[in-house]
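Trainee: Whatever this is, show me its structure:
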Amino acid sequence: MSLIRTQGEFVELDVSEDLRNSPVYNDDLAPTKISQRTWNKWHIMSLWVGMAICVPTYTLGAVLTSYFGLTIMEALWTILAANIIVLVPLILNAHPGTKYGIPFPVLLRSSFGIYGSNLPALIRALIACGWFGIQTMFGGLAIHLFLARIFPAWGELGGVGEVIGFGIFWVLNIYVVVKGSKAIQILETIAAPLLIIVGVVLLVWAIPQIDVPALLAAPAKRPVADSAWPYIFAGLTAMVGFWATLSLNIPDFSRYAVSQKDQTLGQIFGLPLTMFLFSMLGVVLTAASPILVGEVVSDPVNLIGKIDSPIMGAFGLFILFVATISTNAAANVLSPANDFQNAFPKKINFKRGVYLTGFIGILLMSWELMRKVGLVQSDVSVESIYSNWLLSYSNLLGPIAGIMIMDYFVIKKQQIHLIDIYKVNGVYPKINRAGMLAFLIPVSFTTFCLMTDTNLWVYKYGWFVGSALGAIIYFVSSRHIFQSDTMKEFAHGIK
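Mentor: Numbers count the residues shown, from 1 in each chain. Model prediction:
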């Protein structure tokens, strides 16, 4: 029989044949052993630095000023505030991962049911696949421009060269993740200090080229008479949505942490300031780009690709390649690989989940790949995709975050039955109706408001509204409507 052991703040599972034969168990989804929990606060900080320094972060300032009508300083403070806010669900949802060693989709079984967990897990997986495709596109562009620096004839390939670069980056990215958590840990540890140094050097290089007071005094792109707060709150929701993804699947990483203190401090040290500073770098370099390269360039790949110095340009593109692969490997491949396993544990292991993530990423980017080789025409901007997509999926992820936190900390009192969460007929229901109701009501409400063009503040502030509604509805339905779906030994006040 499988056995549970406790050691300090950790809980460990010794797996026997009774669980190995379960249809919802495989070795890659199994809890980490205590001996595997080796990531200290500096490893976790490096993880966040490596994930936060990426092309989309660089463009966030432009997104908020161009599409949300904020001034530059409003945009930067909004980014900082959003990342401080998102620390709350990050740290809270990381707790069960560190304590029990379980990944995100397995944790979802507690609040959504053994099979019901697949709904939120696959939503999270598909969003990650979309981000994987976008980041791979940027990484492929960096490879294309890098090769063009070394082999001038390569630049004549144009869009075809970018597609080849996409393929090269895709293979390298998948290879890193297939090597497992240790390879990701090593990559992030190496990349983080290098990326910080390069960011500081670029900032020092660019600031003398621009009039900083004039830049900060630039007026907002919104009606002069309008209050700034509605625009700020809408931007805040979108910026929370940027890492609302990781605020759910952070157990995929915290299951390797050496302590709750380390996972907490690592996230506090690694996330908010990195996001603020790299977004500021994006604003400064975009403003300096007309002087530096003769035109306005809002993404770092193309900006560095236009630098006259072949050595500086090639080095900068290489650093961007490292930044993009470190972000993609951790943020956009590991999670969906686990999520796809959760749906079919006996058919999909971790490696197959990684490959499936990669192929879906290609499918989701197929329109852009075809555009680059001239098969389709499109003038959709990256910034417009971000602004709409961030708001849209934050409305989906907010309720999930609220439900997870309410279930673990309030309903279950930080207790998980580590054996039964890998069984079909244990104390966890196949589908937890309380979790499903708490998810569907906020999402349906937001969709109704958006489709009927009424109370659009619900959509604009969707993550906050959804997480609050999800938590409240889950609490009420768990205690008073679907008590049978909440485990009796963990349900306070239910006899």
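Trainee: Might you report the residue contacts of the residue nearest to G294 when sequence neighbours are not counted?
Mentor: The spatial neighbour of G294 that comes closest, neighbours along the chain excluded (CB to CB, 6 or more residues apart in numbering), is K306 at 7.9 Å. From N, CA and C alone the C-beta is placed, and that goes for glycine too. Neighbour list for K306: V293, G294, E295, V297, G313 [criterion: CB atoms under 8 Å, 6 or more residues apart in numbering].
Trainee: again, only using 10 Å
Mentor: L145, S289, L292, V293, G294, E295, V297, G313 (CB atoms under 10 Å, 6 or more residues apart in numbering).
Trainee: Show the buried residues in those.
Mentor: L145, S289, L292, V293, V297, G313 (16 or more other CB atoms under 10 Å).
Trainee: Out of the residues you listed, which comes closest to M280?
Mentor: S289 (14.9 Å; CB to CB).
Trainee: Take the contacts of K306 and keep only those in helices.
Mentor: L145, S289, L292, V293, G313 (DSSP state H).
Trainee: you'd agree the second one is up against N302?
Mentor: To tie it back to what came earlier, the one meant is S289. Yes - here S289 reaches N302: they are 9.2 Å apart, a contact under CB atoms under 10 Å.
Trainee: List the residues that are in contact with both of these two.
Mentor: Common neighbours of S289 and N302 (CB under 10 Å, 6+ apart) are E295.
Trainee: just checking, W154 touches I168?
Mentor: No - between W154 and I168 there is no contact under CB under 10 Å: 11.9 Å.
Trainee: Count the residues that sit near the residue lying closest to A94 once chain neighbours are set aside.
Mentor: Leaving out its chain neighbours, the residue that sits closest to A94 by CB to CB, 6+ apart is S254, at 3.6 Å. S254 has 30 neighbours, counted by other CB atoms under 10 Å.
Trainee: if I look at S254, how far off is S478?
Mentor: As judged by CB to CB, to the nearest Å, S254 and S478 stand 24 Å apart.
Trainee: Number of residues surrounding P442?
Mentor: P442, neighbours per other CB under 10 Å, totals 28.
Trainee: Look up the pLDDT of it for me, please.
Mentor: pLDDT for P442: 95.
Trainee: Kindly report the same for R20.
Mentor: With respect to pLDDT, R20 has a value of 89.
Trainee: And for T32, nearest residue in space, chain neighbours not counted?
Mentor: Nearest one to T32, counting by CB to CB, 6+ apart, is G101 at 3.8 Å.
Trainee: Can you give me the neighbour number for that neighbour?
Mentor: Neighbours around G101, by other CB under 10 Å: 25.
Trainee: Let me know whether it touches A30 as I believe.
Mentor: Yes - here G101 lies in contact with A30, judged by CB under 10 Å, at a distance of 8.3 Å.
Trainee: who touches both of the two?
Mentor: L13.
Trainee: pLDDT weak spots in the protein?
Mentor: 180-181, 183, 185, 378-391, 487-495 (pLDDT under 70).
Trainee: what comes into contact with stretch 195-206?
Mentor: Counting by CB under 10 Å, 6+ apart, 46, 49-50, 52-54, 58, 188, 274, 277-278, 280-281, 284-289, 291-292, 300, 303-304, 312, 315-316, 318-320, 322-323, 326-327 sit against stretch 195-206.
Trainee: Where helices are concerned, which of those residues count?
Mentor: 46, 49-50, 52, 58, 188, 274, 277-278, 280-281, 284-289, 291-292, 300, 303-304, 312, 315-316, 318-320, 322-323, 326-327.
Trainee: Just the buried ones out of the residues you listed, please.
Mentor: For the ones in helices among the contacts of stretch 195-206, buried by 16+ other CB under 10 Å: 46, 49-50, 52, 58, 188, 274, 277-278, 280-281, 284-289, 292, 300, 303-304, 315-316, 318-320, 322-323, 326-327.
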